[in-house]
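**Q** Task: produce atomic coordinates for the following.
(chains A and B)
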Amino acid sequence: MPCIIALCEQSDGTPKKVAGEVASECLRQGRAAGLPVVALTIGPGAAAAAAHLAKFGIEEAAAIEGESVASYSGEAFAAALAAAIRQKDAALVVVGATSFARDLLGRLGALLSSSPATDCIALSGGSGSFKAKRPVYAGKAILSVALTGRPALASLRPNVFAATKVAGKSTRVETIAPAAPPAKCGRLVHRVAAGGGKVELSEAEVVVSGGRGLKTPENFRKLVEPLAAALGAAVGASRAVVDAGWRPHSEQVGQTGRTVAPKLYIACGISGAIQHLAGMRTARTIVAINKDKEAPIFKVADYGIVGDVDEVLPILTEQAKALKGAR
Amino acid sequence: MKVFVCVKRVPGTTARIKIAPDGKSVDETGVEFVLNPYDEFAVEEGLRLCEKAGGEVTVMSYGTEAVAKELRNCLAMGAHAAIHVPVAPGAPGAGGLRDPLATARVLAAAIQSAAGGPPDLVLFGRQAIDDDSAQVGLMVATLLALPAAPDVTKLVLGPAAVTVEREVEGAIETYELPLPCVVTAHKGLNEPRLPNMKGIMAAKKKTITTVAAAAVAAADQQVESLELPPERKGGRIVGEGAAAVPELLRLLRQEANAL
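**A** Modelled structure (predicted):
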């Protein structure tokens, strides 16, 4: 029977944050299209992770566990997922637009003969033909596409779709064996945690970013990092300071870096070049702190403070801490 | 060592995007086009590998005639050969917003039928900064049944495999891929060279080979419209200096509900 598949990324039995957003959006699409929703998980802990999806209202899940997916290989994972998706006769497959999807969705598209729409910010359907809206030109334009492939494939930009908790549901989890991997596979040989447990940029609800206005890398560390810590925020950076070697590329927000859509984006000493604006303009609320009142960042910011970051950020950090502490 | 690098011509990062009258593509008037920035990393990596291990870099692009400029630029960087797979002007996707799978099929067919046999390594940029789709490299790999890794920031060539590093959320992963394979390049992989005068002169003597696009199945992603995003309404200056901090926090809490 046709269905919608919520492909839910998980790690050792715990669904990733974006999996809740994917599950909830699939249930909304399922109601509109009159199709049942099946969550699909893969890898060690897949079945345990699938059971956790009950809290989003998932009642049916398939978990792929077995030797060929016991450690990560893009080729083996894609082969196993494609076989499961075919077997379930999915009309639509949805996944979160994280590095998991960056590695797997294109492969699934080739295996299932369907072009995926990546990093979508809206999905619609209803009668079984699905449409997606996705940012192109780094968010300088929005493309609307009809997805006529079957299954339609889409990845969702994290933090854009609401994850909705549903009480009183339980998930029936079917464990399935992976299809055979292709003859030639790459394999993951090593994985080192990076960022020291800091909040992950693309999933963060609050992002504090710094630019050249910080003047030195030491200032960036002294002023931006404490504010981010006080707000439980991820640290971002402009291209200028990444190119200058102050900050790692993984923190770069903008056209040749990451695109973020947090609830709150605080731009400190960032002038707001068009490439930077492209990466953060879908944030819900934008705050800019810059000493140049003509800086383009103020044109997109909801709230601005004209002032020196050296002076403003320590006070903001102190008062934000007090505010968080008081609640 | 035979390396193929697939490249695309895209509007530069500073381009202002205007919508064409058809409501489905970009008005290219006055837009400066460049070699896709991520593709520069791919070309550079191919050149470095061949400088070390010996071999040749072939750059290939599926695009309109205009892409000759970017291919010539790759030749000036040091690429040995260039292949142009033409898209007719005015054809669907001529402007760059192409169906990723149809594109991958055309490129895979061109790679497979390349004169002198298939390459040992195929490099792509991690994504083209026009459609931001980030699909074609992995699709080509899958269509050619080759192992692949996306978003690579480090690549080490071994006798029969490459070892690559990939930044993912909260971790750096190392993969080993048997050759032949496909890798997509991310910022950080290298620092692309600028063509020097000698390279530019040498590029003038190299030919760009035209290879007709293979007939492939129709696209299954149809562009319905292209729009500008809603403008954010102009900012409000809360105040000047540290004195404005309490009011900012009050607004963030009470008005924006953001804290």
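**Q** mind listing the strands for the stretch 1-150 of chain A?
**A** Taking DSSP state E, counting those that start in this stretch, the strands of the stretch 1-150 of chain A run over residues A:3-7, A:10-11, A:14-15, A:37-42, A:60-64, A:90-96, A:117-120, A:122-124, A:130-136, A:141-147.
**Q** Then the stretch 151-300 of chain A?
**A** Going by DSSP E, counting those that start in this stretch, the stretch 151-300 of chain A shows strands at A:152-156, A:172-176, A:187-193, A:206-210, A:234-237, A:264-268, A:285-290.
**Q** A:Asn159 and chain B, how far apart?
**A** Between A:Asn159 and chain B the computed distance is 13 Å (Cβ to the nearest Cβ, to the nearest Å). C-beta coordinates here come from the backbone N, C-alpha and C atoms, glycine included.
**Q** which residue packs closest to that residue, ignoring adjacent ones?
**A** A:Ala261 (4.6 Å; Cβ to Cβ, 6 or more residues apart in numbering or on different chains).
**Q** any idea of the angle the lengthiest strand in chain B forms with strand A:187-193?
**A** The residue-count maximum for a strand in chain B (DSSP state E) belongs to strand B:148-157. Angle of strand B:148-157 versus strand A:187-193, following axes from the mean of the first three to the mean of the last three Cα atoms, to 10 degrees, is 80 degrees.
**Q** Give me the helices and strands touching strand B:148-157, please.
**A** Contact partners of strand B:148-157 among helices and strands, from 3 or more Cβ pairs under 8 Å, 6 or more residues apart in numbering or on different chains; DSSP states H and E: helix A:74-88, helix A:99-112, helix B:37-53, helix B:136-143, strand B:161-168, strand B:171-178, strand B:181-185.
**Q** Just put these in a markdown table and tack on mean pLDDT, distance to B:Gly30 and mean neighbour count.
**A** Formatted as a markdown table, the helices and strands packed on strand B:148-157 follow (pLDDT from 0 to 100; distance: least, Cβ to Cβ, whole Å; neighbours: other Cβ atoms under 10 Å in any protein chain shown):
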| stretch | mean pLDDT | distance to B:Gly30 | mean neighbour count |
| --- | --- | --- | --- |
| helix A:74-88 | 98 | 41 | 22 |
| helix A:99-112 | 97 | 33 | 25 |
| helix B:37-53 | 97 | 20 | 22 |
| helix B:136-143 | 98 | 27 | 28 |
| strand B:161-168 | 95 | 35 | 21 |
| strand B:171-178 | 96 | 41 | 20 |
| strand B:181-185 | 98 | 29 | 28 |
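**Q** quick revisit: contacting residues around the residue nearest to A:Asn159?
**A** Applying Cβ atoms under 8 Å, 6 or more residues apart in numbering or on different chains, we find A:Ala261 in contact with A:157-160, A:282-284.
**Q** at 6 Å instead, please
**A** By Cβ atoms under 6 Å, 6 or more residues apart in numbering or on different chains, the contact list for A:Ala261 reads A:159-160, A:282.
**Q** Same check on B:Gly95?
**A** B:25-26 are the contacts of B:Gly95 under Cβ under 6 Å, 6+ apart.
**Q** again, 10 Å this time
**A** B:11, B:20, B:22, B:24-28, B:64, B:87, B:89, B:130-131, B:223, B:226 (Cβ atoms under 10 Å, 6 or more residues apart in numbering or on different chains).
**Q** On the pLDDT front, check it for me.
**A** B:Gly95 carries a pLDDT value of 83.
**Q** what's the answer for the one 3 residues further on, then?
**A** At B:Arg98, the model reports a pLDDT of 90.
**Q** do the one 4 residues further on as well
**A** B:Ala102 is assigned 94 on the pLDDT scale.
**Q** tell me what the helix or strand harbouring B:Asn73 is packed against?
**A** According to DSSP states H and E, B:Asn73 maps onto helix B:68-77. Judged by 3 or more Cβ pairs under 10 Å, 6 or more residues apart in numbering or on different chains; DSSP states H and E, helix B:68-77 is in contact with strand B:2-7, strand B:9-11, strand B:33-35, helix B:37-53, strand B:56-63, strand B:81-86, helix B:197-205, strand B:208-210.
**Q** now it and strand B:56-63, what's the angle there?
**A** 170 degrees.
**Q** And helix B:68-77, what's buried?
**A** Buried positions in helix B:68-77, judged by neighbour count with 16 or more other Cβ atoms under 10 Å in any protein chain shown: B:68, B:70-77.
**Q** Against A:Ala261, how distant is A:Cys8?
**A** Going from A:Cys8 to A:Ala261 by Cβ to Cβ, to the nearest Å gives 20 Å.
**Q** mind showing which ranges of the stretch 101-250 of chain B have poor pLDDT?
**A** For the stretch 101-250 of chain B, applying pLDDT under 70 flags no range at all.
**Q** which ones are touching B:Met60?
**A** B:4-7, B:71, B:74, B:79, B:81-85, B:107, B:110-111, B:114, B:119, B:122, B:209, B:211.
**Q** Please report the distance of it from chain A.
**A** In terms of Cβ to the nearest Cβ, B:Met60 sits 18 Å off from chain A.
**Q** returning to what we had before: among the helices and strands packed on helix B:68-77, which comes closest to B:Val156?
**A** helix B:37-53 (9.9 Å; Cβ to Cβ).
**Q** CA atoms only for the closest one, dumped as PDB, please.
**A** Below are the C-alpha coordinates for helix B:37-53, written out as PDB (Å, rounded to 0.1, in the frame of the first residue of the first chain):
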ATOM      1  CA  PRO B  37      33.600  28.600  -6.200                       C
ATOM      2  CA  TYR B  38      33.500  25.000  -4.900                       C
ATOM      3  CA  ASP B  39      34.600  23.700  -8.300                       C
ATOM      4  CA  GLU B  40      37.800  25.700  -8.000                       C
ATOM      5  CA  PHE B  41      38.700  23.500  -5.000                       C
ATOM      6  CA  ALA B  42      38.000  20.400  -7.100                       C
ATOM      7  CA  VAL B  43      40.100  21.600 -10.100                       C
ATOM      8  CA  GLU B  44      42.900  22.600  -7.700                       C
ATOM      9  CA  GLU B  45      42.900  19.200  -6.000                       C
ATOM     10  CA  GLY B  46      43.000  17.400  -9.400                       C
ATOM     11  CA  LEU B  47      45.900  19.500 -10.500                       C
ATOM     12  CA  ARG B  48      47.800  18.800  -7.200                       C
ATOM     13  CA  LEU B  49      47.200  15.100  -7.400                       C
ATOM     14  CA  CYS B  50      48.500  14.900 -11.000                       C
ATOM     15  CA  GLU B  51      51.500  17.100 -10.200                       C
ATOM     16  CA  LYS B  52      52.400  14.600  -7.500                       C
ATOM     17  CA  ALA B  53      51.400  11.300  -8.900                       C
END
